[in-house]
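[1] predicted model and sequence below, questions to follow.
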Amino acid sequence: MKFIILATLLFASSLQASAAQPKTAEQILLDVRQSYAGQNQKLQGELRDSDSGRTEPLELTMGNQIMSFLFTNPPPETIRLDFNTSPAKLYQVRSGTSKQVPSSQLGSQVRGMDLNYEDLSLGFLYWPRPQLMGEARVSGQKCWIVRVMNPGRQGPYYAVDIWVHQASGGAAKMAAYDRSSKVIKRYEVTKIQKVNGTNALKELRFETLDPASGKIQGRTYMKMNKPAKP
């Protein structure tokens, strides 16, 4: 069933999680949240639509438990995820005005690409009563698989499966399901890079799927450049 992430989801983690003893699903998701919140990096990159080749320049900043996505193409927009609250809060900044992204907007595409505001909010990492579904390998690395179910009807996803690296506590991939238990979104960290001695995102692939056929309807890559040496 359902989801993989990100974020994510979303991104590679520098957090070193203890793999000596089996963990509960709650502990595993806490590691994932801390892996995002604890990073301190600034990267330049882009979103790229696989079919059209259209790109959106992107600056990704992480620090003080806040992750910010700055898009400079008109209209400029900053999407800010604040991990200082639980659950984390997602804000959108346009024309100097900041507002929390409403639940009605979570399913909307970000910059017309194959990721939505729910993907960037990582809200599913806070859904209650997660289940540990087992283990699997992603790119040769051992991962736990955690399933979470949407406690309400807000947002585009009914359930999400998250593959979490046992060694780092970071999310390797995710798969999201609709209420008919059909996969409608998945994403996977496909490349990482070393930045200041820690792992950082290099490439993240988002895919939107047709729930009826299972065919890929759209694919977007988030690619981050290696920072220039000072």
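    Structure received.

[2] all helices of the protein, in order?
    Remark: helices assigned in the chain by DSSP state H are 25-37, 117-121.

[3] which other helices and strands contact the shortest one?
    Counting by 3 or more CB pairs under 8 Å, 6 or more residues apart in numbering; DSSP states H and E, the packing neighbours recorded for helix 117-121 are strand 77-82, strand 89-94. C-betas here are computed from N, CA, C, even on glycine.

[4] paired strands for the first one, with orientation please.
    According to DSSP bridges, strand 77-82 forms sheet pairs with strand 66-71 (antiparallel), strand 89-94 (antiparallel).

[5] show me how far stretch 199-211 is from its chain's centre.
    Relative to its parent chain, stretch 199-211 has a centroid offset of 8 Å by CA atoms, centre = their mean, to the nearest Å.

[6] okay, buried residues for it please.
    Buried residues in stretch 199-211, counted by 16 or more other CB atoms under 10 Å: 199, 200, 201, 202, 203, 204, 205, 206, 207, 208, 209, 211.

[7] how about the helices and strands packed on helix 117-121 in JSON lines, adding distance to residue 165, mean neighbour count and mean pLDDT?
    Compiled in JSON lines, the helices and strands packed on helix 117-121 are given as follows (distance: least, CB to CB, whole Å; neighbours: other CB atoms under 10 Å; pLDDT from 0 to 100):
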{"stretch": "strand 77-82", "distance to residue 165": "20", "mean neighbour count": "19", "mean pLDDT": "97"}
{"stretch": "strand 89-94", "distance to residue 165": "24", "mean neighbour count": "16", "mean pLDDT": "97"}
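
[8] redo the ones you listed as CSV? Include distance to residue 39.
    Shown next, in CSV, are those (distance: least, CB to CB, whole Å):
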stretch, distance to residue 39
strand 77-82, 12
strand 89-94, 17
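
[9] quick one: closest of those strands to residue 125.
    Closest to residue 125 of these, according to CB to CB: strand 77-82, at 10.9 Å.

[10] put the alpha carbons of the closest one into CSV.
    Extracted in CSV, the C-alpha atoms of strand 77-82 (Å, rounded to 0.1, in the frame of the first residue of the first chain):
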residue,chain,number,x,y,z
GLU,A,77,7.7,33.0,-3.7
THR,A,78,9.2,31.6,-0.5
ILE,A,79,7.8,28.5,1.1
ARG,A,80,9.0,28.1,4.7
LEU,A,81,8.6,25.0,6.8
ASP,A,82,9.0,25.8,10.6
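
[11] now do that strand against helix 25-37, angle only.
    Here strand 77-82 runs at an angle of 130 degrees relative to helix 25-37 (axes from the mean of the first three to the mean of the last three CA atoms, to 10 degrees).

[12] which residues are in contact with strand 77-82?
    For strand 77-82, contacts defined as CB atoms under 8 Å, 6 or more residues apart in numbering pick out 36, 65-71, 88-94, 98, 101, 110-111, 117, 120-122.

[13] relative to residue 48, which of the helices and strands packed on helix 117-121 is closest?
    Residue 48 sits nearest to strand 77-82 of all the helices and strands packed on helix 117-121, at 17.3 Å, using CB to CB.
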